[in-house]
Structure formats: C-alpha cells, structure tokens
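Peer 1: Got a predicted model here, sequence first, then my questions.
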Amino acid sequence: MSFYEVLLSKMAGFHNFQRDALPEGNPGRRWLEAKRWCQQHFTHMVTLQNQEETDFLREWLPVNRKHYWIGVRKTGGMWIWDQTGEEVPEDVQKWAANEPDNSAGQDCVEIYIKKDNDTAIWNDENCFRKKGTVCYNGKILMSFDLY
C-alpha cells in the first residue's frame with residue numbers, strides 16, 4: 001500500500017493526514033474489516049464526537065466518496081462508541097431523517113459526506129456492506145482510504 005502525507009492547517013492547528021490509496025476497483029471494507037485496518041495502520045475508527053470534528057472531516061474528505069464507516073455500533077440495542085465501549089449520548093447522534101430505522105442487520109453506522117443536502121449525518125447500515133474507512137492517526141489526527 002502506498003501512503004501520501006498531507007499537512008493541513010485548521011482551527012486547532014496543524015493536522016497530519018495520511019491517505020491510503022487502495023488498488024483501483026476496490027469497493028471498500030466491511031465494518032469489522034475497517035475497524036481492523038484502522039487498528040493495524042493507525043489507531044481507531046473516527047467517532048465524530050463534536051461538530052468541529054464533523055466539519056473538519058466534511059471539508060477534508062474527497063468529493064468522489066460519499067459513505068464512510070465510523071466507530072459506532074449497536075450492541076444490546078444501544079449505540080456504542082467502538083473505541084471506549086460507552087453508549088453514544090443522544091445529543092451527539094446526528095441521524096438522518098427516519099434513521100436509525102433499525103432494519104434487520106443494520107447494526108453499524110456510516111456517515112454521509114459531500115452530499116448536496118444532509119451532509120455529515122449518520123445512517124444505520126448492514127455491517128457487511130463495503131464502505132470507505134476513516135481512522136484517527138494518534139490523538140487528533142485522522143486518515144482515510146481512498147478507493
């Protein structure tokens with residue numbers, strides 16, 4: 001895999017990002033594959049715990065990709081941060097209209113990015129679908145794969 005480093009300046013200072021360019025035609029990763037990939041190469045999947053993180057991610061991610069897994073999963077009927085195992089507070093959840101719809105097997109969360117409307121919102125999705133991957137790279141740093 002090849003890595004490209006990009007240094008960007010944003011409100012909180014400098015953020016170091018790495019883009020993992022996957023082979024052309026790669027449809028992405030299932031949620032668990034995305035989680036493992038983040039753990040192997042960086043730290044954890046992005047959790048988007050505040051508006052600043054959401055805005056930063058929305059501005060930085062490429063236009064050619066719209067759906068990315070985030071580190072939230074339903075366990076025991078509750079939405080849980082994957083990184084901490086704690087329940088996601090309701091005031092942090094940014095669900096799209098009529099979501100979560102809790103269809104069978106939709107226990108993972110994707111985020112819509114770069115849509116004309118309703119951008120940076122959550123959708124519950126089947127964990128076996130393939131999506132983009134967004135990871136933290138250290139404390140406040142993120143990386144993603146581009147496919």
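Peer 2: Nice, I can see it. Nothing here was measured: the structure is a model prediction, and the numbers come from that model.
Peer 1: what comes up buried for whichever strand or helix holds residue 55?
Peer 2: Element membership of residue 55, judged by DSSP states H and E, is helix 51-60. Residues of helix 51-60 classed as buried: 53-54, 56-58, 60 (neighbour count, 16 or more other CB atoms under 10 Å). Heads up, the C-betas are built off the backbone N, CA and C, glycines and all.
Peer 1: cool, stretch 88-98 as well?
Peer 2: 88, 92, 94.
Peer 1: What part of this structure, helix or strand, is modelled with the least confidence?
Peer 2: The element with the least model confidence among the helices and strands of the chain, by mean pLDDT, DSSP states H and E, is strand 2-10, at a mean of 27.
Peer 1: can you map out the strands along the chain?
Peer 2: Listed from the start of the chain, the chain has strands (DSSP state E) covering 2-10, 13-21, 67-75, 78-81, 108-112, 121-125, 132-136, 142-146.
Peer 1: Leaving out sequence neighbours, find the closest residue to residue 32.
Peer 2: Closest residue to residue 32 apart from its sequence neighbours, by CB to CB, 6 or more residues apart in numbering: residue 127 at 6.6 Å.
Peer 1: what's the answer for residue 49, then?
Peer 2: Nearest-residue entry for residue 49: residue 92, 5.9 Å, with adjacent residues in sequence omitted and distances by CB to CB, 6+ apart.
Peer 1: and the residue nearest to residue 32, what is it in contact with?
Peer 2: Applying CB atoms under 8 Å, 6 or more residues apart in numbering to residue 127 gives the contacts 30-32, 73, 105, 107-108.
Peer 1: What residues of stretch 101-120 count as buried?
Peer 2: Judged by neighbour count using 16+ other CB under 10 Å, the buried positions of stretch 101-120 are 106-113, 120.
Peer 1: And the buried residues of helix 51-60, which is closest to residue 69?
Peer 2: Closest approach between the buried residues of helix 51-60 and residue 69, by CB to CB: residue 57, at 12.6 Å.
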